[in-house]
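Student: test case, fold it:
(one chain, ligands or ions: 1)
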Amino acid sequence: MTRKLVGLAGSYNRPSKTFALVQHIAAIAVDRYGFEGEVYDLTDVGPSLGHAQRQADLDANAAKVLAAVVEADVLIIGSPTYKGSYPGLFKHFIDLIDPEQLRAKPILITATGGGDRHALMVEHQLRPLFGFFMAHTLPTAVYASDRDFADYRVVSEPLQQRIGFAVEELAAFFPDRALAAAE
Ligand SMILES: Cc1cc2nc3c(=O)[nH]c(=O)nc-3n(C[C@H](O)[C@H](O)[C@H](O)COP(=O)(O)O)c2cc1C
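Tutor: Numbering: from 1, shown residues only. Below is the predicted model:
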């Protein structure tokens, strides 16, 4: 059975460093574990999100992204840092998810920011958010700043190393796939 990886970048920008980071990590995990992978951003979710108070209020585009997120076997979540935290609309998307829908799901959490000042945003903001859902956030969270990118591509060696650690931590959830890939 093919397992599904879904990436979600909480940014509207295109191009987006957050999307680039999530996509970069997704490609490595797909290669490593043989997942089926897809990555979305908040532009894919579209304008119905702002007015929605429950999942039923979302239009077809937004509902498709939300369904992909909650049905995924593994998530890679990325958020830009806004004022030391995640953007309000990203939180609003997550607010529409029922707590049961993310319970025990493995999630690799990532964020981007302009500099390093808010690097602990992944630990102080994103990890507790998904703790509420009783999801399994991986021990290694990934934060990247402007200088880790060139032309919206991940270029920094330390960042690539950290991404490698995080992707390896998925092996605890998919041991059959980890072994198959190693053979
Ligand atoms: C409204 C706003 C607030 C921001 N606040 C912060 C911040 O507090 N700390 C930080 O490091 N970067 C901050 N930034 C910079 C973004 O986090 C950074 O450029 C990010 O990589 C953008 O991601 P994107 O290209 O995926 O949209 C802010 C940017 C905007 C637009």
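Student: from here on, contacts and neighbour counts on C-alpha atoms
Tutor: Will do.
Student: tell me, how many residues neighbour residue 19?
Tutor: 30 (other Cα atoms under 10 Å).
Student: the nearest residue to residue 51 once chain neighbours are set aside: neighbouring residues, count only.
Tutor: Spatial nearest neighbour of residue 51, excluding adjacent residues (Cα to Cα, 6 or more residues apart in numbering): residue 57 at 7.7 Å. By other Cα under 10 Å, 15 other residues sit near residue 57.
Student: distance of the residue positioned nearest the centre of the chain from the ligand?
Tutor: Centroid-nearest residue in the chain, with Cα atoms, centre = their mean: residue 77, separated by 1.2 Å. The gap separating residue 77 from the ligand is 12 Å, by Cα to the nearest ligand atom, to the nearest Å.
Student: isn't that residue up against residue 11?
Tutor: No: look at residue 77 against residue 11 with Cα atoms under 8 Å: they stay out of range, at 10.9 Å.
Student: any idea where the strands of the chain begin and end?
Tutor: Using DSSP state E, the strands of the chain run over 4-9, 36-41, 74-80, 106-113, 136-137, 142-145, 149-150, 153-154.
Student: winner for burial among the ones you listed?
Tutor: strand 74-80 (a mean of 27; mean count of other Cα atoms under 10 Å).
Student: now do that one: distance to the chain's middle.
Tutor: Offset of strand 74-80 from its chain centre (Cα atoms, centre = their mean, to the nearest Å): 1 Å.
Student: who touches it?
Tutor: 4-11, 18-19, 21-22, 25-26, 69, 86-87, 90, 105-113 (Cα atoms under 8 Å, 6 or more residues apart in numbering).
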